[in-house]
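Trainee: would you be able to build a 3D model of this:
(one chain, ligands or ions: 1)
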Amino acid sequence: MFGTEKARVVKSSSSSPGLVQSEPRENGTTLSSHSVINLDHGDPTMYETYWQRMGDKCTVVITGSQSLSYFVNMKNLCWFLQPELEESIKRLHRVVGNAVTKDYHVVVGTGSTQLFQAALYAISPSDAPEPASVVCAVPYYSLYADVTDFLRSGLYKWEGDAHGFDKDGAYIELVTSPNNPDGTTREAIVEPGGGEGKLIHDLAYYWPNFTPITKPADHDIMLFTASKCSGHAGSRIGWALVKDEDVAKKMSKFIELNTIGVSKESQLRAAKVLGVIADGCQYCDSLDSDDVFKYGKLIMSERWKKLRDVVGQSDLFSLPVYPKEYCNFMGKFTTSNPAFAWMKCNRLVEDCAEFLRGHKILTRSGVRFGVDSKHVRVSMVSNDEEFDLFIERLQAIQEISNGYHI
Ligand SMILES: Cc1ncc(COP(=O)(O)O)c(C=O)c1O
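Mentor: Residues are numbered from 1 along each chain as shown. Reported below is the predicted structural model:
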C-alpha cells in the first residue's frame, strides 16, 4: 500500500562514519550490506510515504510579497503566532482529544526545544539565591541535560535523576509522557519538600499512533511538536499550551529575545498540515483512510511486531512490555507502539551501542539517558528500507547468538 522511499544512510568506511546522503543504486534501493544504518536520531522519515500519498493537499504557496513584517498581532500575548496555526492546533487537539485547549494560551516556538528553554526561563524564580534544580526521572530524554546546562544559566541548573531528589530550594520536574526513550506513561514523582516545585509536561509523543489516548491532558505547561505529530521535524514548529497568562507572556518574551518570533512560512505550512490531519481524522474511519494516526499506528504496530519476533528468538535482548488501555480516539483497547525501542542487552555484552555499531547499526547508548551501557535507544520511525535492514541484521545477530552462544 505504501511504497518505500529512498533512504538517508551513513556509508560505512574504515574511518569513523559520518552522515552522508547516499546515491541511489540501480535497483532503486540505496542501502547495501556495507551501509551503516543510523537509528540514533529519532528522525521521522517514516512519514514520507504518507505525505507523498497526500500529494498536493498540503501544498502552501507563499508569494514574494507575503510575510515581510516581523509582526502578526501585537494584541495577542504571543504576538508572533499566526492565527491559522492557533486555530489548527486547537482543532487538532479537539479532534484527537489528547489535550484541553479551553482557557489555555498557545505559544509557538522553533521546535519544542526552543519552548522547553522558554519554559525553563519563565518558571525559574528570578530572585532566588541559587539556580532552580531541573530534574527528570531516569531514563530521561538525553537532550534535556545538554540543553539545560548549555549556556550555564544562573536561573536553572541540571540536577539529573528525579528519583530521590530532595534538595532544598526551587525545582522544575520534567515529565515526558509517553517517555523518550522507554515509551512509558509517566507522572511527576518528586515529593515537594523544602522547595517550591514546578512541572513541565513534554507530550511530544501523546498521539494515538504511539500510545492510547486515555484522557485530554490538562497540565500547567504542555509541550507538543510537529516533529512527532505530523513528521515535519524540518519545519521546526512546536507549540506550548500554557494555563497561566504570566508564564505564557514570559515564554513569548524569551522567544522574542531569542529569535524575534518564529518563521511565518513554517507556521503557515504547519497550520496547513495540522488542518489536513484534523480533516483526515474527522471525515475518514477506514484503515486505508487519510488518517495519519491510523496510518502511523498500523506501521508502528507492524514494526513492533517484527522487532518483538526477532528479539523473542533468544534471551540476548529484551524490550519493555506495554499494557493495553482504552484509546478514546481509536474507540478500542490498544497498546503503545513507541517511537523508540528501549532495548537491553542481557548477557555478555557490556556496551550494547558499541556491539550494535560493530554490526553497522548506530543507536544511542543508555548512558546518555542517565542509565547504563547495557541499554540502547533505537529509532522506530526511520524509513522502511532502514528499518527492514535493521531487522535483517538483528536476525543475523540472533542466529549467531543461538548457534554459538555468544
Ligand atoms: C521528548 C521530546 N521532546 C522534544 C523533542 C524535540 O522536538 P522538536 O523537534 O520540536 O524540537 C524531542 C525530539 O526527539 C523529544 O523526543
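Trainee: tally of neighbours for V100?
Mentor: 17 (other CB atoms under 10 Å). C-betas here are computed from N, CA, C, even on glycine.
Trainee: and if you look at D166?
Mentor: That count, for D166 with other CB under 10 Å as the rule, works out to 10.
Trainee: and V61, by the same measure?
Mentor: Other residues close to V61 by other CB under 10 Å number 6.
Trainee: just G234 next, same as before
Mentor: Neighbour number of G234 under other CB under 10 Å is 12.
Trainee: what of G154?
Mentor: Counted with other CB under 10 Å, G154 comes out at 11.
Trainee: if I look at the residue nearest to it when sequence neighbours are not counted, how far off is I123?
Mentor: Leaving aside its chain neighbours, G154 sits nearest to P131 (5.9 Å; criterion: CB to CB, 6 or more residues apart in numbering). P131 sits 12 Å away from I123, going by CB to CB, to the nearest Å.
Trainee: between these two, which is the more surrounded one?
Mentor: I123 (24 against 19).
Trainee: before we move on, what's the pLDDT of the more buried one?
Mentor: pLDDT, I123: 98.
Trainee: again, but for the one 3 residues further on
Mentor: At S126 the predicted local confidence, pLDDT, stands at 93.
Trainee: so it touches Y156, yeah?
Mentor: No - under the criterion of CB atoms under 8 Å, S126 makes no contact with Y156, lying 10.9 Å away.
Trainee: compare those two (neighbour count), which wins?
Mentor: Each of S126 and Y156 has its neighbours counted (other CB under 10 Å); Y156 has more, 23 against 8.
Trainee: please tell me I have it right and that one contacts A128.
Mentor: No - assessed by CB under 8 Å, Y156 is found out of contact with A128, at 9.7 Å.
Trainee: please name the residues that touch the residue nearest to G154.
Mentor: 124, 153-157 (CB atoms under 8 Å, 6 or more residues apart in numbering).
Trainee: in the stretch 301-406 of the chain, which residue sits nearest the ligand?
Mentor: Proximity to the ligand, evaluated over the stretch 301-406 of the chain using CB to the nearest ligand atom, is greatest for A339 at 7.4 Å.
Trainee: ok, that residue to H41 distance?
Mentor: A339 is 11 Å from H41, by CB to CB.
Trainee: list residues touching both of these two?
Mentor: S379.
Trainee: the two: who's more crowded?
Mentor: A339 (25 against 14).
Trainee: ok, the more buried one - contacts?
Mentor: The neighbourhood of A339, defined by CB under 8 Å, 6+ apart, consists of 42, 44, 180, 183, 205, 210, 228, 300, 379-381.
Trainee: related to what we said a few turns ago, now the residue nearest to the residue of the stretch 301-406 of the chain closest to the ligand when sequence neighbours are not counted: how far from I89?
Mentor: The spatially closest residue to A339, leaving aside those adjacent along the chain, is V381, at 5.1 Å (CB to CB, 6+ apart). Separation of V381 from I89 (CB to CB): 22 Å.
Trainee: for S318, same thing?
Mentor: 38 Å.
Trainee: more neighbours: the two, which one.
Mentor: I89 (27 against 15).
Trainee: next up, phi/psi of the more buried one, please.
Mentor: phi -60, psi -50 (degrees, to the nearest 10).
Trainee: list the buried ones in stretch 180-193?
Mentor: Buried residues in stretch 180-193, counted by 16 or more other CB atoms under 10 Å: 180-184, 186, 188, 190.
Trainee: F224 belongs to a helix?
Mentor: No - in this structure, F224 is strand, not part of a helix, as judged by DSSP: H, G, I helix; E, B strand; the rest coil.
Trainee: which residues of the stretch 201-350 of the chain lie near the ligand?
Mentor: 202, 204, 225, 227, 233, 238 (CB under 6 Å from any ligand atom).
Trainee: which of those lies closest to F254?
Mentor: Distance to F254, by CB to CB, is smallest for G238 among these, at 13.2 Å.
Trainee: from S124, how far out is that closest one?
Mentor: 20 Å.
Trainee: report how many residues lie close to the residue in the stretch 51-200 of the chain that the ligand sits nearest to.
Mentor: Proximity of the stretch 51-200 of the chain to the ligand (CB to the nearest ligand atom) peaks at G111, 2.8 Å away. Using other CB under 10 Å, the number of residues around G111 comes to 19.
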